[in-house]
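Student: one predicted model, sequence on top.
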Amino acid sequence: MSAPTLERPPTTASPATGQGSWWSRHQREAAPYAFVSPFFVLFGLFMAVPILVGLYLSCTEWAGLGTPEWVGLRNYADLLTDASFWTSVGNTALYVVFTLLVVVPAALLIAQALNARGLRGRDVFRLAFFMPVVISPIVITLVFGLFFDTEFGIVNGALKAVFGFGGIDWTGDPTWAKATVVILVLWRWTGYLTVFFLAGLQNVPRELHEAAAIDGAGPLRRFTSVTLPALKPVTAFVAVTVLVSTAQIFDEPFLLTQGGPGESTLSVAMFVYRAGFQRQQLGYAAAAGVVLFLVVVALGLLANRLLGVGRDSR
Amino acid sequence: MSTMTARRSPAGRVLLYGFLIALLAVFALPLLWALSASFKSRADIFSYPPRLLPHPAVLDNYRGLLEAQPFWSWFTISTVVALISTAVSVLLCSLAGFAFAKYRFRGRNALFTIMFSSLAVPFAVIVVPLFIMVAKARLTDPWFALVVPWVAPAFGIFMMRQFTEQAVPDELLDAARIDGCTEFGLFRRVVLPLLRPALGALGVWSFLNSYNSLLWPLIVISEPEDYTLPMGIQALFGATGRQYDLVLAGSVLAAVPSLLVFFLLRKQLLEGLTAGAVKA
């Protein structure tokens, strides 16, 4: 965008005159391309090119120095027989399923509660629930980790006080460590998703509910036959967002447990990070990244097909 | 009074408020505990039963952090990087969003689809090659590496397109064109003022994204003097001895800018985030 031409006096800039610079005559046709071009330049440099480089690297063996050595599809074959990779896939699948089956319904439930008529302090609740996602994940995870500390943590302390036992090794036991990561995900993301559902619920006309109530529909019936259908676009949006972002989960397991104990909380994104930046297997990491990409795209398309997200965007 | 409110029993109300207040405790208590613990002496942080208020309240943790650690350097890098990224990405996203919303041009649908699909590209697939490219080009300076690759997020463009479609009437654009306004002038004088709430939403969103990011800085930044705030806190925590006292003080200070922009622009953010999802 050339600044001087934009500052031209209005008369020459008018398309009707047909005079002036090329830009002032064609600006109406050229403007949209100029306006979207910064995105596409950055997209090309920092996303499209890296994807192509990644595809190439995924067929090489390279520790970062010298020239990458072409190995064809060997990295992919190795991934298929790599137990660590499958562990990370299994863990990631667990996080995704948990988020879809627990976090999303919990968010809907909370949104439903917040949408109650005449509720006082709705905004305070909404803001407080949203807060964990605003604060840096490192801060959130540190505080959370202190709460779930085996020796000194308040959670174990409270369990001991109430139930008489509380020696749970939250981050040191493979099963509990998964549970802790999942609780962290629940704590961090529920309030965020609630905001979407609440906005959706507030868009459902009250009259619809009232009409259903007059027809004798109970709360549950009203929820399934009025609320849920009206929420379909929001639910679809939330489900796809959650699916795509949880499939790439990194921060929570990385900060809370470093993927451990062993590999019991390792996610696919962490697997890529570990291979690439801790073990210098750059080709192998790139291959794992490509696999993750394909899975995310497949899941996205599947969800799209099932929920019809794309069709709604007008 | 509708039948719904009439039928709602007092017991139901008690249950509703009980549920919400319990949730409030679950969401807010850990954060309040951290705030309180940051004023406790190291020995008191883990005393049991936990005391809600620090007694005695001490500033040692903050003093230790600010005097012995390069906290202000971390803080400055994170904040300035986030502010620059925010300013540039708000401009670029609203320009592109305006183009997608209000112009009919050849290739528009294809370009929009490419832009929208890029949302599904996992960071993990580009992280290794992107790091190699940035490192080979010797661009690992935080002012470049933490800003430039991320200043035109597809999500922001999508959000601004949704807003522009709703908030900017075509007649207004045509009227301004007849008055001789240039296309960029339209954007600056007509579109931007109408989009103000959405700009706020996108602004907080990108500030938080940049300010809170950890993985990419961790990969690309190697010099300790270039550390961002999350990296600094992570380094403190990872160092021997797990300096909980310093880490807690650092966490509280690190949360201040996030919470500040969030509270200042909360309304815009919450409405802006959901606009795309609800109206889709």
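Tutor: Cool, got the structure.

Student: pLDDT score for the residue of chain B found nearest chain A?
Tutor: Distances between chain B and chain A by Cβ to the nearest Cβ are smallest at B:G180, namely 2.8 Å. Placement of C-beta: from N, CA and C, glycine included. Looking at B:G180, its pLDDT stands at 87.

Student: number of residues surrounding it?
Tutor: For B:G180, the neighbour count with other Cβ atoms under 10 Å in any protein chain shown is 17.

Student: how about the helix or strand hosting B:I114: buried residues?
Tutor: Using DSSP states H and E, B:I114 falls within helix B:108-117. By neighbour count with 16 or more other Cβ atoms under 10 Å in any protein chain shown, helix B:108-117 contains the buried residues B:L111, B:F112, B:M115, B:F116.

Student: ok, then the element right after the longest helix anywhere in chain A?
Tutor: Across chain A, the helix with the greatest residue count (assigned by DSSP state H) is helix A:174-202. Next along the chain after helix A:174-202, taking DSSP H and E as the criterion, comes helix A:206-214.

Student: is that next one anywhere near chain B?
Tutor: Yes: Helix A:206-214 reaches chain B (Cβ under 8 Å from any Cβ of the partner chain) through A:R206, A:H209, A:E210, A:A213, A:I214.

Student: do you know the pLDDT at A:G18?
Tutor: 48.

Student: for the residue of chain B closest to chain A, grab phi and psi.
Tutor: For B:G180, the backbone dihedrals are phi 90, psi 20 (criterion: degrees, to the nearest 10).

Student: any idea how far A:E252 is from it?
Tutor: According to Cβ to Cβ, to the nearest Å, B:G180 stands 55 Å off from A:E252.

Student: now swap in B:T228 and tell me
Tutor: As for B:T228, its distance to A:E252 is 19 Å (criterion: Cβ to Cβ).

Student: give me the more crowded residue out of these two.
Tutor: The neighbour comparison of B:T228 against A:E252 (other Cβ under 10 Å) goes to B:T228, with 30 against 25.

Student: the bottom helix or strand of chain B by mean pLDDT?
Tutor: The least trusted helix or strand in chain B, going by mean pLDDT, DSSP states H and E, turns out to be helix B:3-7, with a mean of 45.

Student: continuing past that helix, what's the next helix or strand?
Tutor: Next along from helix B:3-7, by DSSP H and E: helix B:10-37.

Student: so which bits of that next one are buried?
Tutor: In terms of neighbour count (16+ other Cβ under 10 Å), helix B:10-37 has its buried residues at B:Y17, B:L20, B:L23, B:L24, B:F27, B:P30, B:L31, B:W33, B:A34, B:S36, B:A37.

Student: can you put those residues in TSV and add distance to chain A and pLDDT?
Tutor: Formatted as TSV, those follow (distance: Cβ to the nearest Cβ, whole Å; pLDDT from 0 to 100):
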residue	distance to chain A	pLDDT
B:Y17	8	91
B:L20	5	92
B:L23	7	91
B:L24	5	91
B:F27	5	88
B:P30	5	85
B:L31	7	87
B:W33	7	86
B:A34	4	86
B:S36	11	87
B:A37	8	85
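
Student: ok, so of those, who is nearest A:N91?
Tutor: Closest approach between the buried residues of helix B:10-37 and A:N91, by Cβ to Cβ: B:P30, at 24.2 Å.

Student: nearest residue to the closest one in space, please, no chain neighbours.
Tutor: A:V143 (5.1 Å; Cβ to Cβ, 6 or more residues apart in numbering or on different chains).

Student: same question, A:A179
Tutor: Excluding its sequence neighbours, the residue lying closest to A:A179 (Cβ to Cβ, 6+ apart) is A:W170, at 7.7 Å.

Student: just checking, that neighbour touches A:W176?
Tutor: Yes: with contacts defined as Cβ atoms under 8 Å, A:W170 counts as touching A:W176 at a distance of 5.2 Å.

Student: ok, those two, which is more surrounded?
Tutor: A:W170 (22 against 18).

Student: and the more buried one, how far from A:N115?
Tutor: A:W170 is 34 Å from A:N115, by Cβ to Cβ.

Student: now do B:Q243
Tutor: From B:Q243 over to A:N115 the distance is 44 Å, taken as Cβ to Cβ.

Student: the more surrounded of those two?
Tutor: Using other Cβ under 10 Å as the criterion, B:Q243 and A:N115 rank with B:Q243 on top: 20 against 17.
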